[in-house]
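Enquirer: coords below, sequence missing:
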């Protein structure tokens, strides 16, 4: 968010900045950060195969739900589930 407390810094997207700022070291956050980075910055730096599916899902949430609160609830649930997947999967 432009002028938000947390925003892009250098080559990092806002999600990566948050991880860095709060010194989060949970390995399950790394693949999510890579996916978010490439979607947000419209790159293929990390070339994660999940990127296209996650990007489509996020776009679908935005299209299907007009209210920001609804979008947030759906996206939070989706990303929580993705986090749980990477938390249980070794060597993400």
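Expert: Looks like it arrived, so ask away. This is a predicted model, so every value here is computed, not measured. Numbers count the residues shown, from 1 in each chain.

Enquirer: Point to the residue nearest the middle of this structure.
Expert: Central residue of the chain (C-alpha atoms, centre = their mean): residue 36, 3.6 Å from the mean position.

Enquirer: For this protein, which segments count as helices?
Expert: Ranges of helices in the chain, per DSSP state H, are 14-21, 29-40, 51-64, 68-88.

Enquirer: got a list of contacts for the second one?
Expert: Where contact means C-beta atoms under 8 Å, 6 or more residues apart in numbering, the residues beyond helix 29-40 that reach it are 12-16, 19, 43-48, 50-51, 54-55, 58, 79, 82-83, 86, 92. Where C-beta positions appear, they are placed from N, C-alpha and C, glycine not excepted.

Enquirer: ok, 7 Å please
Expert: 13, 15-16, 19, 44-46, 48, 50-51, 54-55, 79, 82-83, 86, 92 (C-beta atoms under 7 Å, 6 or more residues apart in numbering).

Enquirer: what's the spacing between the residue nearest to the centre of the chain and residue 67?
Expert: As judged by C-beta to C-beta, to the nearest Å, residue 36 and residue 67 stand 22 Å apart.
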